[in-house]
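**Student:** The amino acid sequence is not available; the structure is as follows:
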């Protein structure tokens with residue numbers, strides 16, 4: 001695998017992790033949902049979070065879907081790094 005392509009893909013995965021993390025942190029604060037940045041963040045992260053929410057059982061007020069998505073993205077980073085080294 002081309003190292004430059006792997007590096008770009010890994011950077012993209014880190015950006016997704018950062019976006020999911022920021023969205024999770026913003027859920028703790030009263031934020032205007034009509035804010036352009038918040039809407040962009042929801043549009044980027046919701047396709048990742050929503051399928052996990054459908055699969056996971058309800059746990060009350062705590063949403064573990066962001067944690068699961070971040071773990072999966074880290075696994076993807078590890079796989080890409082391993083493939084790039086070979």
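**Tutor:** Noted; the coordinates are in hand. If you're wondering where the values come from, they're calculated on a predicted model, not measured in any experiment. Residues are numbered from 1 along each chain as shown.
**Student:** Check which helices and strands the strand or helix carrying residue 12 sits against.
**Tutor:** Under the criterion of DSSP states H and E, residue 12 resides in helix 3-26. Here helix 3-26 touches helix 36-55, helix 65-85, going by 3 or more Cβ pairs under 8 Å, 6 or more residues apart in numbering; DSSP states H and E. (Each C-beta comes from the backbone N, C-alpha and C, glycine too.)
**Student:** Please compute how far the longest one lies from its chain's middle.
**Tutor:** Think helix 65-85. Chain-centre distance of helix 65-85: 10 Å, with Cα atoms, centre = their mean, to the nearest Å.
**Student:** coming back round to it: pLDDT of the helix holding residue 12, averaged?
**Tutor:** Mean pLDDT, helix 3-26: 94.
**Student:** How about it, which residues are buried there?
**Tutor:** The neighbour-count check on helix 3-26 (16 or more other Cβ atoms under 10 Å) flags 6, 9-10, 13, 16-17, 19-20, 23-24, 26 as buried.
**Student:** is it possible to export these to a markdown table including distance to residue 78?
**Tutor:** Formatted as a markdown table, these follow (distance: Cβ to Cβ, whole Å):
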| residue | distance to residue 78 |
| --- | --- |
| 6 | 12 |
| 9 | 12 |
| 10 | 10 |
| 13 | 10 |
| 16 | 15 |
| 17 | 13 |
| 19 | 19 |
| 20 | 17 |
| 23 | 23 |
| 24 | 22 |
| 26 | 27 |
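**Student:** Farthest pair within these?
**Tutor:** Within the buried residues of helix 3-26, 6 and 26 form the most distant pair, 30.4 Å apart (Cβ to Cβ).
**Student:** for the nearest residue to residue 24 once chain neighbours are set aside, what are its contacts?
**Tutor:** Among residues not flanking residue 24 along the chain, residue 66 sits closest, at 4.3 Å (Cβ to Cβ, 6 or more residues apart in numbering). With contact taken as Cβ atoms under 8 Å, 6 or more residues apart in numbering, residue 66 is in contact with 20-21, 23-24, 49.
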